[in-house]
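**Q** Below is the structure, and that's it, no one-letter string:
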């Protein structure tokens, strides 16, 4: 008989305390919930919002694409996709190449991956702009609206609410929508609270207490937990008064001050900010330009890929990893706007003006594309867009990012699931489920944003139903039961 030294009662009590600690950790760090996260948020001034803003933005984006990248080769060159310089320039040659790629896409993907990527990205961007051009829209009462007379903002808050109600009725709203109020600081706090009250009250009155399914309130320039707690208190009062249901008003926090990264003691500030939200905080959005300005970075160097931004965003990742709070990067402020416009009733633009317009739009597209790719590579799957033309570069960046790694990720996930199932069947403990879940999340995001379809899902060895279940552990358990 093996002799032991530890008392069984002591061991049991110790492990019981550890189980309680583990349970608390699981509650605090539930991981990604698997719900769809939008790939972007379009910010627009509240005075400009209309019930059909999302489809109208899509129309503008499609016109810009047709004007400055009428085929896949032109867009590939504008964005600098790999191999784009070898693509033909003559429209008839591009059209013929497109027909060949469309006829045998699987063969093209194997034998001419760069051509296949350029063609596929373009086709899926066009389809996305027709089907769902905007995923998330934020009706902005802050930077995109400015400081206006109280009577004007009062009217804008009520008008925007009525437009949202009309959009709900007409089915023209994007899947995600919300408002950004002014900051809850001493200067703007009262105005922010009044705008929130007017908007939510007017919306609830018009809809009979219904909110858009993914409605959220964005709080900018957060510096302390007390601001978040104050907003929660206002939300609770509105919910009780309007019969909205407890927790109906969800929050997003703008991380655009150094105090939202590190607190006065040098600790990561975000856990306390999120905790002050009482379970309402859905996302944390990085504000590139306010943050860099407050760090003393001059205007010429304020950019999304500045090292100061990478540091702040990495702190955001570490502080909120596993909490289920969505992270979003900021915006590219160089907009795809052509500098020349033909006067109404006047002569058309000349070759020089047309070339300058094309160069300006392409330059802005590439800047936004490269910024979005940097965000994706760093694990930020959402960002801001400020102009409908940026929808082109946003979706192109997302689709190229997911499609470029699709082959390797498909094989890796397929092998991973096979090995995990074998380990389970043979009685060994498979303890790397987090890696499998990470691979699964890659395909979930790719499918949700339109980068891939059912055919690409099937290449992983998973069914669409399994992928939509969003749980690697459940897939393995189900396959184990099926033998």
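**A** Cool, the structure landed. Not measured: the values here are computed from a predicted model. Numbers count the residues shown, from 1 in each chain.
**Q** just the strands in the stretch 301-450 of the chain please.
**A** Assigned strands in the stretch 301-450 of the chain, in chain order: 326-328, 383-385 (criterion: DSSP state E, counting those that start in this stretch).
**Q** just these: most buried one?
**A** strand 383-385 (a mean of 27; mean count of other C-beta atoms under 10 Å). (C-beta placed from N, C-alpha, C; glycine too.)
**Q** As TSV, the strands of the stretch 301-450 of the chain with mean pLDDT and distance to residue 344 would be great.
**A** Formatted as TSV, the strands of the stretch 301-450 of the chain follow (pLDDT from 0 to 100; distance: least, C-beta to C-beta, whole Å):
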stretch	mean pLDDT	distance to residue 344
strand 326-328	98	39
strand 383-385	98	29
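**Q** now the spatially most central residue of the chain: how far from residue 209?
**A** By C-alpha atoms, centre = their mean, the chain has its centre lying nearest to residue 382, at 2.4 Å. Separation of residue 382 from residue 209 (C-beta to C-beta, to the nearest Å): 29 Å.
**Q** What of residue 189?
**A** According to C-beta to C-beta, residue 189 stands 26 Å off from residue 209.
**Q** now residue 24
**A** In this view, residue 24 and residue 209 are 35 Å apart by C-beta to C-beta.
**Q** who's more crowded, those two?
**A** residue 209 (14 against 10; other C-beta atoms under 10 Å).
**Q** In three-state terms, how would the more buried one be classified?
**A** Using DSSP: H, G, I helix; E, B strand; the rest coil, the structure places residue 209 in coil.
**Q** Setting aside sequence neighbours, what's the nearest residue to it?
**A** Leaving aside its chain neighbours, residue 209 sits nearest to residue 243 (5.1 Å; criterion: C-beta to C-beta, 6 or more residues apart in numbering).
**Q** closest one to residue 91 among the strands of the stretch 301-450 of the chain?
**A** Set against residue 91 and scored by C-beta to C-beta, the strands of the stretch 301-450 of the chain come closest in strand 383-385, at 28.9 Å.
**Q** ok, the closest one: who's next to it in the sheet?
**A** Within its sheet, strand 383-385 is paired with strand 40-45 (parallel), according to DSSP bridges.
**Q** Run through the residues that contact residue 381.
**A** 37, 39, 327, 375, 445 (C-beta atoms under 8 Å, 6 or more residues apart in numbering).
**Q** Distance of the first one relative to residue 445?
**A** Here the distance between residue 37 and residue 445 works out to 7 Å (C-beta to C-beta).
**Q** What of the third one?
**A** Between residue 327 and residue 445 the computed distance is 13 Å (C-beta to C-beta).
**Q** again, but for residue 161
**A** Applying C-beta to C-beta, the value for residue 161 to residue 445 is 32 Å.
**Q** Same check on residue 304?
**A** Per C-beta to C-beta, residue 304 is found 20 Å from residue 445.
**Q** These two: who's more crowded?
**A** For residue 304 and residue 445, the more surrounded residue by other C-beta under 10 Å is residue 304, and the numbers stand at 26 against 20.
**Q** Just confirm residue 270 contacts residue 257, I think it does.
**A** No - taking C-beta atoms under 8 Å as the definition, residue 270 is not a contact partner of residue 257, at 11.7 Å.
**Q** neighbour-wise, which of the two wins?
**A** Looking at residue 270 and residue 257 with other C-beta under 10 Å, you find the greater number of neighbours at residue 270, namely 25 against 21.
**Q** residue contacts, that one?
**A** Counting by C-beta under 8 Å, 6+ apart, residue 270 has contacts 253, 255, 260-261, 284, 315-316, 319-320.
**Q** how about 6 Å then?
**A** 319-320 (C-beta atoms under 6 Å, 6 or more residues apart in numbering).
**Q** secondary structure class for residue 282?
**A** Per three-state DSSP, residue 282 ends up strand.
**Q** That one: neighbouring residues, count only.
**A** Using other C-beta under 10 Å, residue 282 is surrounded by 21 other residues.
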